[in-house]
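> generate coordinates for the sequence data below:
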Amino acid sequence: MIRSMTAYARSEAKGEWGSAAWELRSVNQRYLETYIRLPEQFRGLEPVIRERIRQRLTRGKIECNLRYDADPSAQGELMLNETLAKQLVQAANWVKMQSDEGAINPLDILRWPGVMSAQEQDLDAINTQLLQALDGALDDFIAARESEGTALKR
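The predicted structure is shown next:
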């Protein structure tokens, strides 16, 4: 069967955690070259994704993108790291005394990495659903390559 090197496929997953969409695109390339873009919380999936793609495809420059939209109601309770917040206020007060600059903005303290955090969602359950959706996208992607390959053969 002749397969085209160019293809596009999209697959979506939805759950209590929110929604996600995979997009796969390819152009002609002699060898398999995979580019993966993931949200930060799913970076640990990259080796698994790369292997799944390698098992099913042998050629092409493949772009694999995951878009993730968390459901705000599924986020856990916000937690304040009081120790870190107090240290930041003390440091900000010291800087203020040294430079006579304006007042400390409490929102700037809350935006500091690690001061506020939400309870973690069950990433294992989300990852399972995301990988199932990736498999669906790969199925559609291969079908698109075969369909275009058949059209090119004519």
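> buried residues in the longest helix anywhere in the chain?
When the chain is parsed with DSSP state H, its longest helix is helix 123-153. Within helix 123-153, the residues that count as buried by 16 or more other Cβ atoms under 10 Å are 126, 130-131, 133-134, 136-138, 140-142, 144-145, 148-149. To be clear about C-beta, it is placed using only N, CA and C from the backbone, and glycine gets the same treatment.
> how far out from the middle of the chain is that helix?
Centroid separation for helix 123-153 versus its chain: 17 Å, with Cα atoms, centre = their mean, to the nearest Å.
> what packs against it?
Of the remaining helices and strands, those touching helix 123-153 by 3 or more Cβ pairs under 8 Å, 6 or more residues apart in numbering; DSSP states H and E are strand 7-15, strand 18-27, helix 46-56.
> the inter-axis angle of that helix versus strand 18-27?
Orientation of helix 123-153 against strand 18-27 (axes from the mean of the first three to the mean of the last three Cα atoms, to 10 degrees) gives an angle of 30 degrees.
> show the average pLDDT along helix 123-153.
Per-residue pLDDT values over helix 123-153 give a mean of 90.
> CSV for the helices and strands packed on helix 123-153, including mean neighbour count, mean pLDDT and distance to E63?
Formatted as CSV, the helices and strands packed on helix 123-153 follow (neighbours: other Cβ atoms under 10 Å; pLDDT from 0 to 100; distance: least, Cβ to Cβ, whole Å):
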stretch, mean neighbour count, mean pLDDT, distance to E63
strand 7-15, 17, 95, 10
strand 18-27, 19, 95, 5
helix 46-56, 14, 97, 11
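> noted, bye for now.
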